[in-house]
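Novice: Please work out how this folds:
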Amino acid sequence: MNTSFLQDGKLLVPLKAVPLLFLLILNIMTIDFSPPFLSLFPALGFAFLFHWLIYRPNILPPLGLMAIAILNELTLKDHFSVILPALYLLSFTFILKYRHRLYGQRFYKIWVTYCAYSFACLMLYGMAKVVFAGEFYPPSNLLVSWILVVLLYPLLTLLLAPLQRLIPFQ
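Specialist: Residues are numbered from 1 along each chain as shown. Coordinates of the predicted model:
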């Protein structure tokens with residue numbers, strides 16, 4: 001099976017790197033192009049993280065997640081903090097611990113679990129920004145972000161499912 005994207009016989013990107021690149025690019029796009037009151041950051045990152053850790057945890061290495069979180073923090077207009085990398089690492093361990101309860105369940109159970117998980121992550125993110133970075137992230141922005149990504153989650157899973165099938169198991 002071909003495990004890379006080829007163009008003119010040259011390797012462009014190994015397929016195992018696609019989830020990490022996908023997560024990074026979409027997070028950066030939501031930072032730069034969405035209005036402040038409709039910001040999908042960081043909720044969109046948690047959606048991809050949740051989906052891939054439930055269905056294909058082997059394609060998201062912890063070091064890759066930390067690198068993405070650090071790059072996302074560096075692309076923000078404000079100063080760097082370790083809040084997002086810490087939340088990604090906490091999410092990684094939490095989801096992998098309880099993955100066996102979700103894998104193979106009906107979609108609505110996974111969606112409800114995602115709703116609770118993403119709400120908790122966004123509230124932790126907002127509180128951590130206030131406590132550790134001294135920045136106020138308006139709760140209304142977090143709530144709107146959460147609602148948008150919860151509503152988009154079924155569409156995201158439809159888009160991510162074929163992509164994850166292209167990546168071989170190893």
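Novice: could you say which helix or strand contains the most centrally placed residue in the chain?
Specialist: With the centre of the chain defined as its mean C-alpha position, the nearest residue by C-alpha atoms, centre = their mean is G45, 2.4 Å away. Assigned by DSSP states H and E, G45 falls within helix 43-55.
Novice: buried ones in that helix?
Specialist: 43-55 (16 or more other C-beta atoms under 10 Å). From N, CA and C alone the C-beta is placed, and that goes for glycine too.
Novice: Kindly reformat those residues as JSON lines containing pLDDT.
Specialist: JSON lines is the format used below for these (pLDDT from 0 to 100):
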{"residue": "A43", "pLDDT": "77"}
{"residue": "L44", "pLDDT": "78"}
{"residue": "G45", "pLDDT": "80"}
{"residue": "F46", "pLDDT": "87"}
{"residue": "A47", "pLDDT": "88"}
{"residue": "F48", "pLDDT": "84"}
{"residue": "L49", "pLDDT": "86"}
{"residue": "F50", "pLDDT": "91"}
{"residue": "H51", "pLDDT": "88"}
{"residue": "W52", "pLDDT": "85"}
{"residue": "L53", "pLDDT": "88"}
{"residue": "I54", "pLDDT": "90"}
{"residue": "Y55", "pLDDT": "87"}
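Novice: Among those residues, which one lies nearest to L124?
Specialist: Of all the buried residues of helix 43-55, L124 sits closest to F46, with 10.4 Å by C-beta to C-beta.
Novice: pLDDT below threshold where in this structure?
Specialist: For the chain, the stretches with pLDDT under 70 are 1-41, 75-80, 169-170.
Novice: As a check, name the ranges of all strands in it.
Specialist: Applying DSSP state E to the chain gives strands spanning 4-7, 10-14.
Novice: and Q164, what is it in contact with?
Specialist: When contacts are counted by C-beta atoms under 8 Å, 6 or more residues apart in numbering, Q164 touches P19, W52, Y55, R56, I59.
Novice: Touching, V130 and P138? I think so.
Specialist: No: between V130 and P138 there is no contact under C-beta atoms under 8 Å: 10.6 Å.
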